[in-house]
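# give me a model of this one.
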Amino acid sequence: MPTSSAQNFRVGLVQLRCGPDPDENLARAVEQVQAASKRGAQVVCLPELFCTQYFCQREDASLFDLAEPIPGPTTEKISQAARQSGVAVIASIFEKRAPGIYHNTAAMIDANGKLLGIYRKMHIPDDPLYYEKYYFTPGDLGFKAFDTSFGRVGTLVCWDQWYPEGARLTALQGAQVLFYPTAIGWHPAEKAQYGAVQHDAWRTIQRAHAIANGIYVAVVNRVGHETGNIRGNESAGDGLEFWGRSFLCDPFGKVLAEASQDKEEILVGEIDLRTMEDIRRNWPFLRDRRIDSYGPITQRFLD
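Sure thing, here's the model as predicted:
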């Protein structure tokens, strides 16, 4: 159990620009974890798959070589940074579970450097330039919350953020804040026509998770234009423009902090448990749920 579960705590959202060299990206992430700690953050979240550019823009069997076990080299470096800085860290990793079985996984590392557990991304997209079904096996651990040294938190990953069921099941396990490490952006050719509405929908759905569950939500994206360049091997085509805009909102859906569209930034904000209690008392959505009537939700479609 957390050592200070009844106390407020501060979260850090690290918005990064990812380059073609995985070692440099990891070193930069370690620096930013340390910087977030110096600004008062106690639980720090990095973006989705921060060690590389977003490689799922193409189907390339050689890119499976980027995957690693958990524990492994990346969790070792992040655990060391967590321990030295006294912060808990959520680190998104391309996990090699077994030959031919790979996951998009968030590792939850506590302030003493201990690996508390992992969450494997449950919803896997397959869209132009987001060919994740080629690389990632769907998660099989369910939705999870973790007791850090500072508070109880949950994490999902990117495409999970569009699904209310995942947010609800994580909140029902007592998570006080729900983190979404993310890699989302625009197809450059579509930005002018669809960019504003796409971003607005993304922001709205996650604020809705906060409101519906009476929970803080922290969303951590990357920035920059990427072609999936891994050590000089990149995709053909226009690539993706990642839109940043990482943000933290409270259980009322109020955005407390928001990053820019195109710059690396660290956001730090407080998880106020009294505010969470007050909002849930006045909007008792969890109390008024009709759990006796929701059985059909497990069906694909009600014909």
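# show me what contacts the residue nearest to V14 when sequence neighbours are not counted?
Once flanking residues are discounted, V14 sits nearest to Q32: 4.6 Å by CB to CB, 6 or more residues apart in numbering. (Each C-beta comes from the backbone N, C-alpha and C, glycine too.) By CB atoms under 8 Å, 6 or more residues apart in numbering, the residues touching Q32 are V14, L16, L46, E264, I266.
# A helix includes the last one, no?
No. Secondary structure of I266 (DSSP: H, G, I helix; E, B strand; the rest coil): strand, not part of a helix.
# before we move on, the earlier item: neighbour-wise, which of the contacts of Q32 leads?
For the contacts of Q32, the largest neighbour count, defined by other CB atoms under 10 Å, is 30 neighbours, found at L46.
# what's the pLDDT at the spatially closest residue to T227 that is not a sequence neighbour?
Take T227 and drop its neighbours on the chain: the residue closest to it by CB to CB, 6+ apart is G239, 3.8 Å away. Note for G239: predicted pLDDT of 96.
# surely A259 touches G12?
No. The criterion here is CB atoms under 8 Å, and A259 misses it with G12 at 11.7 Å.
# need the three-state assignment for the nearest residue to F9 once chain neighbours are set aside.
Excluding its sequence neighbours, the residue lying closest to F9 (CB to CB, 6+ apart) is F150, at 3.9 Å. Secondary structure state of F150, per three-state DSSP, is coil.
# cool, the one 3 residues further on as well?
With three-state DSSP as the basis, V153 sits in strand.
# how about the nearest residue to it, chain neighbours excluded?
Closest to V153 by CB to CB, 6+ apart is V177, at 5.2 Å.
# low-confidence stretches in the protein?
1-6 (pLDDT under 70).
# the longest strand in it is where?
strand 88-98 (DSSP state E).
# buried sites along it?
For strand 88-98, a neighbour-count test (16 or more other CB atoms under 10 Å) marks A88, V89, I90, A91, S92, I93, F94, E95, K96 as buried.
# can you redo those as JSON lines with distance to R289?
Output for the buried residues of strand 88-98, formatted as JSON lines (distance: CB to CB, whole Å):
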{"residue": "A88", "distance to R289": "30"}
{"residue": "V89", "distance to R289": "33"}
{"residue": "I90", "distance to R289": "28"}
{"residue": "A91", "distance to R289": "33"}
{"residue": "S92", "distance to R289": "30"}
{"residue": "I93", "distance to R289": "34"}
{"residue": "F94", "distance to R289": "36"}
{"residue": "E95", "distance to R289": "33"}
{"residue": "K96", "distance to R289": "39"}
